[in-house]
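Novice: Got a sequence here, can you model it:
(chains A and B)
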Amino acid sequence: MLTTEVVIIGGGATGAGILRDLSMRGVKAILIERGDLGCGTSSRFHGLLHSGGRYAVRDKNAAIECIEENQILRRIGKHCVEPISSIFIRTPEDDEAYEGTWLEACKEAGISTKPLELSKLFEMEPNVSRKVKSAYLCPGAAIDGFRMLWQIFDSANRHGGKTLTYTNVIGIDSENGKVVGVTVQDMHSKEIYKIACNYLISATGPWCSRVAQLAGIDINVKPSKGSLIAFNHRICTNVIHRLHKPSDADIFVPHGTVTILGTTSIDSDPDDNSTSQEEVECMMKIGEATFENLRDYRILRVFAGCRPLYSAGNSSGRNASRDFAAIDHGKEHGLANFMSVCGGKFTTHRQMAQKVCDMVCPVLGNTAKCTTHEVPLIEEPSEQLMQRAKAVFPSYAAELAENRQGAQRLEQLVKDIEKDNKLGEIVCECENVSRAEINAVAEDSTSHSISDIRRRTRLGMGTCQGTFCTYRAVGTVKSLKKDWTEDTSKLFREFLEARWKGIRPVLWGNQMRDVDLTRGIYEVSLNINHEEKKHE
Amino acid sequence: MSKSDVVVIGGGISGLFAACLAAKKKKSVTLLSYGQGALAVAGGIIDIFGYDQDGNMVKDPLEHIKTLALPHPYAKIGVDHVKEAVDAFLNLCKESNYPYLGNIRENQLVPTAIGGFKPSCLTPMSIDTNLFKKCTKLVVVDFDLLKDFYAQLIAEGFSKTCPNKQISTITVKLPYETGPHFRDVSALDVARLLEDDVSILNVIEQLKSKASADTLFIFPPVIGETPNNRVLNKLKQALCGNVIEVSAIPPSVTGYRTDAMLVKIAKTLGVEIIEKANVFSCVKEGTHCKKVLTQNYSHVYEYEADEFILATGGIFGGGTVAQMSRMFEPIFNIEIDVPKDNQQWSYQYLFTGKPQPFATYGINTDESLRPIDSNNQLLYDNVRVVGRALGGYDFCYEKSGNGVAICSAYHAIAQI
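Specialist: Have a look, this model is predicted:
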């Protein structure tokens, strides 16, 4: 039986932040995730590093937390943040009176709002509607959720934190009104075993109610689904917000070569991440107020995530608080050493973790102070390493690989390619992912499918959506001869079907042409549907 | 303004074949092409009919075609024209010294780049599937630095699909420079390299010690760029005749060869091929098309003809265009009947063991392939639709793409 001080359930931003914080305070902790790290809500959002401006009017505390954390994450996670700005624009459809209220609220929260001349706005953002009435520059930015999570886990692991992925919690074990451990099942081997601990934290977001149910506790967490559209273009240079009361489809966030538009807010089941055509149409209509020619851009895919909105009362959707809740089940429900943490935002995950650890650590007799805001998530590469990397990677791939993998792993990748130049081959051209990088991530014990590799490398997330790189990725991982690479057909299907899921709700325009090409390659030329049949 | 008997719009396999057939009938033909046809993607293998609706492999494509009902294009074309079309294609290839193997009464099992097989009907000489039956040893030939070919993956696949054969891999070194300043090596690069007499000797030198009467060398599609089998014959001579190419991902060199062959034949027959001709509209009188219009930069050109062949492809080729809740053909402005809710266009899974609805969406035609509307009213009396723009079949699922292309081209020209 495994023994640890704290078990954290949930491998999203909240759980990751808590694992890192505890580990840095010297508390032994194991994090358990039923899927892959970051496969839930934490990767299914805009990728917006909030300035706090969006919350300034309604929730001053949230706004202050946002701007504080914005500055911290830009510092400790600079490889995950694209240091752009956010621009709040007021269109003719937006209430003029709100502008003054908003400016006042931002000032109180300490969020800078620099007025932009319209001519300057159109120079900075030529695609924005000419009907815009006023614009302000704020310190929001784009953040890569996958990458930051992966780096938080890396940092936590360096401090002794452990993670178990594809491990499902099936029971919460208690004795004398205290949690003493959990019963878990390995999703691949189906093995069931126990982990003993002194404290249990459920950081499972929209699944918090389900996990608490394992201990017979009812809590009111309302999952609220938000859908997002990824466009195959950088429509804007900076984040574009509508200057109005927070609403649907009013944020555009550019990431590298794509732009994400979101979102919606619909009460739903936490496992539901589907998007309907109506939602897409609704978002496109609203989005056209910001970019009039929005429909000319190719949609890459759509995706959706579930927010965990905790309410003691009955409010839901956009009326429920975006603040986080830490529910001490000892105080509330008579089951000690068990806490559920939900709500909050990706931007403020570190501060949430700090507050949670400040509550949990005294129970464990630990009095160390939080240092997560002081230590960068990954080390900086040396000048010399970057020179070596640039000699083996094409164009800007060296920098991308460094951003994704950090200095330590980059050094290994460079060594691998220096030894065997075939490993320098670019498998995913859209995101510049090399064979060496695929190999390294595939070798990691947390990888069990090509989608797992995708979350750590951005493989297949660009323009071709896996059309070309799926074959290459399968060819690459097959040579590693892992248990999970045994079934070729399964490898192909798993990845292509995962890509298809996001394309299906927007099956028209150029994304449909891409689907035709995908089928042409995999169904016509490679016959992946039938290849398992014996040759007679 | 240009005037010809027949204007063919589209330079893929259906357009090129239609142009050749029309020219053989002594018609003056203008072919307007824009970009490159799908031969470069799917290759020069001619699928006629591979799988029935239940996913069972079809033994005799011609027999199966007899069972098909409307609106399948083969049902409109009819068995006689399907047979004649295949004969016409085989003859054309033979005359051009790039003969094809196979016949319409049986499917062959073409090896794929994942070490499996796909049923197909007609193949170039470089894919002689009899060699696969004959040889007991397989050597998968990898080329050092060649992108998009994974010998290990292929070898492992064959070890499962052909458990009784002895399988190995070999890597041929090529004289390419590497490093961040050089681009990746594609199948087309290697094909060009093999056209060079010295380079091919180098390759043969590295392989010949493994050659024997029952050893088959499995190549990526790199056996020469030109449609004359010169490279193939050299390799065969040196390697006991046992050489085969696999069906692989683009760029598909086997398709480039077939494309080059058809272009050459068309030009020899006097077809005027206009490249980069982006046809955007037509001029009609009643249901009669007078001319089509192309636009390059600011110039609009007019192409008049008695008969028009629409061979612009499907969604992939841009011959049909999909929007939310709508699909249409943009040159002749033909609406395609599709469900308003896009969710109904497809199934939850992409590879689902049945044809995808969206793949069957295309232009509806009468039995002579002229476009009709949803009330079966004739839209154009002198426009015939060939190839992928036709509705009523899922070429990916049933493996019938190039087959429908050549058969519909033949059927259309037979009526002119």
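Novice: got a pLDDT number for residue 142?
Specialist: Defaulting to chain A. What the model reports for A:Ala142 is a pLDDT of 97.
Novice: look at chain B instead
Specialist: pLDDT recorded at B:Asp142 is 95.
Novice: Show me what the host helix or strand of it is packed against.
Specialist: Counting by DSSP states H and E, the element that carries B:Asp142 is strand B:137-143. Using 3 or more C-beta pairs under 8 Å, 6 or more residues apart in numbering or on different chains; DSSP states H and E, the elements in contact with strand B:137-143 are helix B:151-161, strand B:166-172, strand B:215-219. To be clear about C-beta, it is placed using only N, CA and C from the backbone, and glycine gets the same treatment.
Novice: In terms of secondary structure, what does the host helix or strand of B:Cys20 contact?
Specialist: Applying DSSP H and E as the criterion places B:Cys20 in helix B:13-24. Counting contacts by 3+ C-beta pairs under 8 Å, 6+ apart, helix B:13-24 packs against strand B:2-9, strand B:29-32, helix B:79-95, helix B:253-268, strand B:299-310, helix B:401-414.
Novice: wait, what's in contact with B:Pro119?
Specialist: Neighbouring residues of B:Pro119 by C-beta atoms under 8 Å, 6 or more residues apart in numbering or on different chains: B:Asp47, B:Gly50, B:Tyr51, B:Met57, B:Val58, B:Asn107, B:Gln108, B:Leu109, B:Val110, B:Lys399.
Novice: hmm, try it at 7 Å
Specialist: Neighbouring residues of B:Pro119 by C-beta atoms under 7 Å, 6 or more residues apart in numbering or on different chains: B:Gly50, B:Met57, B:Asn107, B:Leu109, B:Lys399.
Novice: Grab the two from those residues that are most spread out in space.
Specialist: B:Leu109 and B:Lys399 (11.7 Å; C-beta to C-beta).
Novice: And the chain, split by domain according to the record?
Specialist: With no chain named, the answer covers chain A. Per automatic domain parsing, the domain ranges recorded for chain A read A:2-40+A:146-220+A:322-363, A:82-143+A:222-307, A:383-525.
Novice: sorry, should have said chain B
Specialist: According to automatic domain parsing, the domains of chain B span B:2-99+B:259-414, B:128-246.
Novice: Could you tell me the end-to-end distance of the longest one?
Specialist: Between the opening and closing residues of domain B:2-99+B:259-414 we find a distance of 24 Å, counting by C-alpha to C-alpha, to the nearest Å.
Novice: Repeat that for stretch A:236-247.
Specialist: End-to-end for stretch A:236-247, by C-alpha to C-alpha: 20 Å.
Novice: can you list contacts of it?
Specialist: Contacts for stretch A:236-247 (C-beta under 7 Å, 6+ apart): A:48, A:53-54, A:84-91, A:94-95, A:98-99, A:102, A:124-125, A:127-128, A:140-142, A:250-254, A:259, A:290, A:318.
Novice: Just give me the neighbour total for residue 104.
Specialist: Let's take chain A. Residues lying near A:Glu104 (other C-beta atoms under 10 Å in any protein chain shown) number 13.
Novice: actually chain B
Specialist: Using other C-beta under 10 Å, B:Ile104 has 24 neighbouring residues.
Novice: can I assume it is in contact with B:Ile48?
Specialist: Yes - using C-beta atoms under 7 Å, B:Ile104 makes contact with B:Ile48 at a distance of 6.1 Å.
Novice: Now for those two: what residues contact both?
Specialist: Counting by C-beta under 7 Å, 6+ apart, the residues touching both B:Ile104 and B:Ile48 are B:Pro61, B:Cys121.
Novice: Quick check: A:Trp20 touching A:Asp154?
Specialist: If you look again at residue A:20, you'll see it is Arg, not Trp. No - at 9.3 Å, A:Arg20 does not count as touching A:Asp154 under the criterion of C-beta under 7 Å.
Novice: more crowded one of the two?
Specialist: When A:Arg20 and A:Asp154 are compared for neighbours, A:Arg20 comes out ahead with 30 against 18, by other C-beta under 10 Å.
Novice: need the longest helix for chain A.
Specialist: Counting residues, the longest helix found in chain A (DSSP state H) is helix A:397-419.
Novice: Would you mind listing what in the stretch 401-536 of chain A touches chain B?
Specialist: Counting by C-beta under 7 Å from any C-beta of the partner chain, the residues of the stretch 401-536 of chain A lying close to chain B are A:421-422, A:425, A:471-472, A:474-475, A:478-479, A:488, A:493, A:496-497, A:500, A:504, A:507-509, A:512-513, A:516-517, A:519-521, A:523-529, A:531, A:534-535.
Novice: can you count the residues close to residue 393?
Specialist: All of this is about chain A. 25.
Novice: I was thinking of chain B, sorry if that wasn't clear
Specialist: 24.
Novice: My read is that it contacts B:Thr360, right?
Specialist: Yes - the pair B:Tyr393 and B:Thr360 qualifies as a contact (C-beta under 7 Å) at a distance of 6.1 Å.
Novice: who does the longest helix of chain A touch, helix- and strand-wise?
Specialist: Other elements packing on helix A:397-419 under the criterion 3 or more C-beta pairs under 7 Å, 6 or more residues apart in numbering or on different chains; DSSP states H and E are helix A:145-158, helix A:383-392, strand A:433-434, helix A:435-443.
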